[in-house]
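Enquirer: predicted model and sequence below, questions to follow.
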Amino acid sequence: MEKLLTPLFDRKGSHYETRKYILERVIQALYSTNVPASIKGAFQTFLKIIFHQDKKDGTLKQDSMNYAIQQMQKQQVNDYAASLLLMRSILEDSVNPSELVAAWWNTCYETLVIAGNALVEGIGSEIIDVVKGDLQKEKLHHIFIG
Amino acid sequence: MNSLEILQLWTVIIGEFVKRLGRNDPRDLTKPNYLDIVVDKEDLVRLLLKAMILQLPAGDQIKECMFATSDIPQLDRLLNTVKTNVLRVFESILEFRQDAIDICLNVNSAILNPEINKFYFHIANDGVKAILQSLYHLSRAGYVYIENGIKVEYLELYRLNLYSSKNSMKLFVKAW
């Protein structure tokens, strides 16, 4: 897939705008509640390719990381998934220089800890509710697995 | 995604940061190692430890055991993946300390001292304690399928030459 998409990104003069255009739409889809999880997985592959093509400039990655953080700061626990998936797509690119990752870490850290705390506390509360109530396996499965 | 899957993803992100901030080859001193900006975060290690000991005291869950054994397969798989991811983070952090000692990385020595640095202090105390206790209860309960949930090799990740409990842990793992 990368071989197919690379010529599109390499068109002279328009490559940056093309990448930006595609990136914005893929991110929209990633955050959309109407898009099935299986399709979101495919969009993540697109994201990785777009970010990999952004290795010289890094602007798209930086903007996307900032977007993911801003969204997480606004969102509830159950809505963190898209932001975390977006972050993972950015981080998994092997060409990221560690200086840049260190800068991202400093930017993300507080938000990640707040999010992690909310997740752990939320799951802990669900567990307490379950333990106080009915312990049937079917019910546990429904609460934790969905 | 349910909240456990999101937590699992969160641990992947922390792990990815740790992996990218460290140096692939610790002896390649031409490349920087940024893990010192992770090991000064006490609130992070506390949070990781909380995630590591999450369990549902229901079904067949063994008491005082960090590994999920509730016998609800999907729940156990998710919880144990979270725990495995946390252990991988700890493994990288402990390797960083060992590399810093072995090859004299330019790192402030106070940051590596488990008596001073809270990250290492909590791993050495709460983390190791939770694992030892869990192994004890697992072995007593006669569980044999734990490798389905957590890879046995990660039980050895603690590189216990860092800590005084080295020999007891090695013996324990071996016996188990």
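Expert: Cool, the structure landed. Residues are numbered from 1 along each chain as shown, chains lettered A, B, ... in the order given.
Enquirer: pLDDT on the regular element (helix or strand) spanning A:Val26, on average?
Expert: Applying DSSP states H and E as the criterion places A:Val26 in helix A:15-31. Averaging pLDDT along helix A:15-31 yields 86.
Enquirer: tell me which strands and helices that helix is in contact with?
Expert: On a contact count with 3 or more C-beta pairs under 8 Å, 6 or more residues apart in numbering or on different chains; DSSP states H and E, helix A:15-31 meets helix A:2-9, helix A:37-53, helix A:59-74, helix A:80-91. Any C-beta I mention is one placed from the backbone N, CA and C, and that applies to glycine too.
Enquirer: chain center to the third one, what's the gap?
Expert: Helix A:59-74 has its C-alpha centroid displaced from the chain centroid by 9 Å (C-alpha atoms, centre = their mean, to the nearest Å).
Enquirer: residues touching the residue nearest to A:Ile123 when sequence neighbours are not counted, list them.
Expert: For A:Ile123, ignoring the flanking residues on the chain, the nearest one in space by C-beta to C-beta, 6 or more residues apart in numbering or on different chains is B:Ser3 at 5.4 Å. Counting by C-beta atoms under 8 Å, 6 or more residues apart in numbering or on different chains, B:Ser3 makes contact with A:77-78, A:119, A:122-123, A:126, A:144.
Enquirer: weed out the non-buried ones from these.
Expert: Using 16 or more other C-beta atoms under 10 Å in any protein chain shown as the burial test, those include A:77, A:119, A:122-123, A:126, A:144 as buried.
Enquirer: which ones among the residues you listed map onto helices?
Expert: Applying DSSP state H to those, the entries found in helices are A:119, A:122-123, A:126, A:144.
Enquirer: helix or strand: which one has the residue nearest the centre of chain B?
Expert: With distances taken as C-alpha atoms, centre = their mean, B:Leu87 lies nearest the centre of chain B, 2.5 Å away. Using DSSP H and E, the element containing B:Leu87 is helix B:73-102.
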